[in-house]
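Novice: give me coordinates for this.
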Amino acid sequence: MEPDAPRQNLAIRAYRKLKHDIIRGRFAPEQKLLMSRLKDDYGVSTGPLREALSQLVADHLVVAISQRGYRVAPMSLAELNDIYDARAQLEGLILRLAIERGDDDWEAAVLAAAHRLAKVTAISSPDELLDGWDLRHKAFHTAIASGCNSPHLLQMRDTLFNQVERYRHLWLQETVMSPTALEQKRQEHATLVDVILARDADRASTLMRDHLMTPVPIITRVLKARGIE
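Specialist: Predicted coordinates for the structure are as follows:
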């Protein structure tokens, strides 16, 4: 614990760590979050912890139970399909605007992010591969979206991404550790970049929507195997 650190910093730190652990499955869907355990695990007092949990409620990762504390938010196939469809539709729109508005610097940023993503296989350990690929994959899609030049659309994009992350991690575990699946993703990214550079907005937005929906069948299989409907 850091008793002299500003309370806000403690709350932010607790929020980031708890969010990471929920996304990675350390806490199961609908699991009760015991304040005493959280205080010990994350080294913060009740005040900052409640602030962190309130933010996670806003992120739809935690549910507040009246007078009874907090639980991890449930997961369902209906939510999975709704969030992924909404995200795919929004990303298609953002990409169309990016192609219309993006300049040469935007194209260069997309190419650089794609190059860094393609080099992730040089990382050896499974954990490093998962974290490294995920980080660079996010950076690649963020570089593409940045060309739309709309702070409000990008904020909506971030909100949907926060809501999809727990589901997306299930897909990451299945995909990043599979050479075949990873190669398929590389091919999809390469094709997407080529179409973006050709400024073909119609085809690019369609490819983006299809690309973002490919995890859904994989995640559906994982959820059903865990008894989640």
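Novice: in the protein, which residue is most central in space?
Specialist: In the chain, the centroid-proximal residue (C-alpha atoms, centre = their mean) is residue 165; its distance is 3.7 Å.
Novice: quick one: that residue from residue 50, how far?
Specialist: 22 Å (C-beta to C-beta, to the nearest Å). For the C-beta atoms, the positions are set from N, CA and C on the backbone; glycine is no exception.
Novice: helix, strand, or coil at residue 60?
Specialist: Following DSSP: H, G, I helix; E, B strand; the rest coil, the label given to residue 60 is coil.
Novice: can you verify my assumption that it contacts residue 163?
Specialist: Yes - Residue 60 is in contact with residue 163 according to C-beta atoms under 8 Å; the separation is 5.1 Å.
Novice: who has more neighbours, those two?
Specialist: Taking neighbours as other C-beta atoms under 10 Å, residue 60 and residue 163 compare with residue 163 leading, 19 against 15.
Novice: list the contacts of the more buried one.
Specialist: 59, 60, 83 (C-beta atoms under 8 Å, 6 or more residues apart in numbering).
Novice: contacting residues for the first one?
Specialist: By C-beta under 8 Å, 6+ apart, the residues touching residue 59 are 19, 162, 163.
Novice: give me the neighbour count for the second one.
Specialist: Translated: residue 162. 16.
Novice: and it, what element?
Specialist: helix 151-175 (DSSP states H and E).
Novice: same check on residue 70?
Specialist: strand 69-72.
Novice: in that strand, what counts as buried?
Specialist: 70, 71, 72 (16 or more other C-beta atoms under 10 Å).
Novice: just checking, what packs against that strand?
Specialist: strand 32-33, strand 62-65 (3 or more C-beta pairs under 8 Å, 6 or more residues apart in numbering; DSSP states H and E).
Novice: dump the contacts of residue 163 into CSV; add distance to residue 39 as well.
Specialist: Listed next are the contacts of residue 163 as CSV, based on distance: C-beta to C-beta, whole Å:
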residue, distance to residue 39
59, 21
60, 24
83, 31
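Novice: Serialize those residues to TSV and add fields for pLDDT and distance to residue 8.
Specialist: Shown next, in TSV, are those (pLDDT from 0 to 100; distance: C-beta to C-beta, whole Å):
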residue	pLDDT	distance to residue 8
59	91	17
60	91	22
83	96	29
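Novice: and these, which is closest to residue 182?
Specialist: The shortest gap between residue 182 and any of the contacts of residue 163 belongs to residue 83, at 23.4 Å (C-beta to C-beta).
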